[in-house]
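[1] Next comes the sequence, and after it the predicted model I'd like to discuss.
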Amino acid sequence: MDLLTKPVSAEVNVDFLKQKYPKNLEGHLSNDNNIAKCISESDLIIGSVYLTGKKAPTIITRSMLEQINPGTVLVDISIDQGGCFE
């Protein structure tokens, strides 16, 4: 069963992903609190948001960028849609 056939419940989808992917892969629901916490602990941040025919929403704001550690690498592959980092 793939993710698209699961019921639309955030908890179910997170549990499904935890079962499907390796134990060393950590996933979180996308919200401001989780993003802020994760970027302050990350060495690599990859932004990949795609909305067909629309500009990508800003997921990481300028104030969030102040929380990252020196040397953290940012890769925004949403750049052709305007980018998801402010």
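    Perfect, thanks for sending it. Numbers count the residues shown, from 1 in each chain.

[2] after the helix or strand of the chain with the lowest mean pLDDT comes which helix or strand?
    Taking mean pLDDT, DSSP states H and E as the measure, the helix or strand of the chain with the lowest value is helix 10-20, at a mean of 70. Proceeding C-terminally, helix 10-20 gives way to helix 32-39 as the next helix or strand, assigned by DSSP states H and E.

[3] what's in contact with that next one?
    28, 45, 59-60, 64-65, 67-68, 72 (Cβ atoms under 8 Å, 6 or more residues apart in numbering). Placement of C-beta: from N, CA and C, glycine included.

[4] 10 Å instead?
    With contact meaning Cβ atoms under 10 Å, 6 or more residues apart in numbering, helix 32-39 is reached by 26-30, 45, 59-61, 63-69, 72, 74.

[5] Could you pull out the buried residues of the helix or strand following that helix?
    Following helix 32-39 in sequence order, the next helix or strand is strand 44-47 (DSSP H and E). Within strand 44-47, the residues scored as buried using 16 or more other Cβ atoms under 10 Å are 45, 47.

[6] Parallel or antiparallel, which strands does strand 44-47 pair with?
    strand 73-76 (parallel) (DSSP bridges).

[7] Test my guess that residue 54 contacts residue 81.
    Yes. Counting by Cβ atoms under 10 Å, residue 54 touches residue 81, with 7.3 Å between them.
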